[in-house]
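> heads up, no residue letters with this:
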């Protein structure tokens, strides 16, 4: 891949809009090209700045809902047959539209962020399989894997032994998602590999549980006890849900 091609691909790569194979090619080029790598970091810094302090979210003013409710109550108390001045109806309608618009913008921003992160999760999952770098600490012993993360991350990821349930632990490794270092705890179900990515949940926003399928992979996302989790595998959705229930339990 040439640097000229990269100029058109860096922005969609940062936004998680590229297909899996193209994203892998871009990652390989960035590892070898200092110029394109600096351009990539500039795009990431811009995206981080836009996301800072919730700038992608539009929150309705605190008094707006109260104004709409007051306008509705006033209309209900109007005398029978009395005609409400048109400007008051227009004010109430405009306020309602503002609320609806704010909610719509928030939902779209949240969905876009979740889709972008899902793309990063899939790319990291596939990269771990392609690069023969599935684990940094290959072990089926949770008391070996969990302490291995000490000093390598600023949090302690939970690690469970699920071998008796048919999901043996393979080990763990460090990975990089959403602009930070994360823990990847790896399990197996027959011939299927399951990556569970874990990192502290900064806020509750955008951390609602959800399931999705992308590029032939199933993903389940949830947040609990201050941690954000993403489980990804080509395992069928029913068994992946069974696995997630065991992790949560």
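Yep, that arrived. In this text the structure is predicted, and so the values were computed from the model without any measurement.
> Where do the helices of this protein begin and end?
3-14, 20-32, 34-51, 62-76, 86-130, 142-148, 237-248 (DSSP state H).
> Out of those helices, point me to the one whose mean pLDDT is lowest.
Of all the helices of the chain, helix 86-130 carries the lowest average pLDDT, namely a mean of 66.
> Do me a favour and get the end-to-end distance for stretch 10-30?
10 Å (C-alpha to C-alpha, to the nearest Å).
> and residue 179, what are its phi and psi?
Main-chain dihedrals, residue 179, degrees, to the nearest 10: phi 80, psi 20.
> Hmm, residue 44 and it touching each other?
Yes. In terms of C-beta atoms under 8 Å, residue 179 counts as a neighbour of residue 44; the distance is 6.9 Å. In short, each C-beta sits where N, CA and C put it, glycine included.
> more crowded one of those two?
residue 44 (14 against 11; other C-beta atoms under 10 Å).
> The more buried one: what's it in contact with?
14, 179 (C-beta atoms under 8 Å, 6 or more residues apart in numbering).
> now residue 244
Contacts of residue 244 (C-beta under 8 Å, 6+ apart): 220, 222, 231.
> ok, now with 10 Å
Residue 244 is in contact with 194, 196, 209, 211, 220-222, 229, 231, counting by C-beta atoms under 10 Å, 6 or more residues apart in numbering.
> Just want the phi and psi numbers for residue 17.
phi -100, psi 0.
> That one contacts residue 26, doesn't it?
No. Look at residue 17 against residue 26 with C-beta atoms under 10 Å: they stay out of range, at 11.3 Å.
> and for these two, which residues touch both?
By C-beta under 10 Å, 6+ apart, the residues touching both residue 17 and residue 26 are residue 9.
> Between the two, point out the one with more neighbours.
Neighbours per residue (other C-beta under 10 Å) separate residue 17 from residue 26, with residue 26 holding more: 22 against 14.
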